[in-house]
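**Student:** Let's see this in three dimensions:
(one chain, ligands or ions: 1)
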Amino acid sequence: MAGRRLIVFDDSAALARAAADSFVESFHAALGEKGFFIAVLSGGGTPIELYKLIASPEYSGKIDWASTHLLWGDERCVSPEDGLSNFKSAFETLISRVDIPQQNVHRIRGELPPHEAASEYGEEIRALLGLGPDGLPGFDLVLLGLGADGHTLSVFPDTGASASPKGLVMANYVPKLRSWRVTMTLEAISRAKKTLFLVAGKEKADALKGMLKGDYPAGAVQGEEVLVLADKEAAGFI
Ligand code: 6PG
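**Tutor:** From the prediction side, this is the model:
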C-alpha cells in the first residue's frame, strides 16, 4: 500500500480547486482504463465547495457525466428530502447542476430500515462493479471527510464499524449521536485507486495529527494512493 501524503493549502478555496483538479484527473484515467468512472462522494460540509466547483462551467465540461457513476461512502438514516441527508447536499450542489443520467446516481436509501438500506446498497455496488460475493471494489476515487473525533465515512471510534468488519456496507449505530448510519466499511474502500481526504478548520487539527500517525478510524484507511488535502488551519501543527 502506498503511503499517505499530506498537502497543505492556504485556504479552503485552494483546497477545493486542487480536489477538483484531482477529480478530473481520476475521471480521465478511469475513462482511458475502462470507459467509465466511479466516484464515491463524502458527506458533511467540507466537500460542498468542491461539489459546487465541479458543477461550475469551468469544470463540469471536463467530465463526461454519462460515463460517470456517483456513489456515497455513507448516509444518515433520513429521507432524501431531509436537511441532514448527504444525498440532498450533493444533489443541490452538484447533481442538479450537471447532466448526469439518473441511473448513474446511486443513492443510499436512508429512509429504509438501516440494515435493509445497507444490504441493498452492498448489492447495488456488487451489481455495478460485477463483483462476486467476496469481491472488493476498486473505486476510481473516494472522497472522505474527517471528523474532529477521527471518524471518517460513518466509521466512528468505538462503534461496530470501527472493528474492521468484513463486507461492503453496514448499518452502524453511533451512541454519541444516538442515531443509526449506513456506511461503507473501511474494507470496501481499501482497494480504491485514489482516496482524497478533505480536511479544513482548526477544529480538525488534533484528528489530523492523529490520523497521520495511523490513529482513529481515519488513520486505518488504506488505498493505492491516499492524499490528505488540508488547509493551514487544520495543518497548523506541521
Ligand atoms: C457524514 C460524513 C462524515 C464527515 C465528517 C466531517 O456523513 O457526516 O461522511 O464522515 O465527512 O463528519 O464532516 P464536516 O466536513 O462537516 O466537518
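**Student:** can you tell me which residues contact the residue of the chain found nearest the ligand?
**Tutor:** Distances between the chain and the ligand by Cβ to the nearest ligand atom are smallest at G145, namely 2.1 Å. (C-beta placed from N, C-alpha, C; glycine too.) By Cβ atoms under 8 Å, 6 or more residues apart in numbering, the residues touching G145 are S42, G43, G44, T46, P47, T152, F197, L198, V199.
**Student:** Who are the packing partners of the lengthiest helix in the chain?
**Tutor:** Ranked by residue count and defined by DSSP state H, the top helix of the chain is helix 12-34. Judged by 3 or more Cβ pairs under 8 Å, 6 or more residues apart in numbering; DSSP states H and E, the packing partners of helix 12-34 are strand 4-9, strand 37-41, helix 48-54, helix 57-60, strand 141-144, strand 194-199, strand 226-231.
**Student:** again, only using 6 Å
**Tutor:** Packing partners of helix 12-34 (3 or more Cβ pairs under 6 Å, 6 or more residues apart in numbering; DSSP states H and E): helix 48-54, strand 194-199, strand 226-231.
**Student:** Tell me which of these is the most buried.
**Tutor:** Mean neighbour count (mean count of other Cβ atoms under 10 Å) peaks for strand 194-199 among those, with a mean of 24.
**Student:** Spell out whether the longest helix of the chain and the ligand are in contact.
**Tutor:** No: Helix 12-34 stays clear of the ligand (Cβ under 6 Å from any ligand atom), getting no nearer than 10.4 Å.
**Student:** and what of stretch 63-74?
**Tutor:** Yes: judged by Cβ under 6 Å from any ligand atom, stretch 63-74 and the ligand are in contact via D74.
**Student:** Contacts only, for V199.
**Tutor:** Neighbour list for V199: L146, L208, A230, A234 [criterion: Cβ atoms under 6 Å, 6 or more residues apart in numbering].
**Student:** nearest to K176, of these?
**Tutor:** Lowest distance from K176 to the contacts of V199 (Cβ to Cβ) belongs to L146, with 16.0 Å.
**Student:** Hmm, that closest one is touching A207, no?
**Tutor:** Yes: the criterion here is Cβ atoms under 6 Å, and L146 meets it with A207 at 5.5 Å.
**Student:** Just want to check the distance between the nearest residue to D64 once chain neighbours are set aside and G132.
**Tutor:** Leaving aside its sequence neighbours, D64 sits nearest to L31 (Cβ to Cβ, 6 or more residues apart in numbering; 6.9 Å). For L31, the distance to G132 (Cβ to Cβ, to the nearest Å) stands at 25 Å.
**Student:** now the longest helix of the chain: how far from the chain's centre is it?
**Tutor:** On the basis of Cα atoms, centre = their mean, to the nearest Å, helix 12-34 is displaced by 14 Å from the centre of the chain it belongs to.
**Student:** hey, C-alpha coordinates of it in CSV?
**Tutor:** Taking Å, rounded to 0.1, in the frame of the first residue of the first chain, the C-alpha atoms of helix 12-34 are listed here in CSV:
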residue,chain,number,x,y,z
SER,A,12,-10.5,26.0,1.6
ALA,A,13,-10.9,27.5,-1.8
ALA,A,14,-7.4,26.4,-2.9
LEU,A,15,-8.1,23.0,-1.3
ALA,A,16,-11.4,22.7,-3.3
ARG,A,17,-9.6,23.6,-6.5
ALA,A,18,-6.9,21.0,-6.0
ALA,A,19,-9.5,18.4,-5.2
ALA,A,20,-11.5,19.4,-8.4
ASP,A,21,-8.4,19.0,-10.5
SER,A,22,-7.7,15.6,-8.9
PHE,A,23,-11.4,14.6,-9.6
VAL,A,24,-10.9,15.4,-13.3
GLU,A,25,-7.5,13.6,-13.4
SER,A,26,-9.1,10.5,-11.9
PHE,A,27,-12.0,10.7,-14.4
HIS,A,28,-9.7,10.8,-17.4
ALA,A,29,-7.6,7.9,-16.0
ALA,A,30,-10.7,5.8,-15.4
LEU,A,31,-12.1,6.6,-18.8
GLY,A,32,-8.9,5.6,-20.5
GLU,A,33,-8.7,2.4,-18.5
LYS,A,34,-12.2,1.1,-18.7
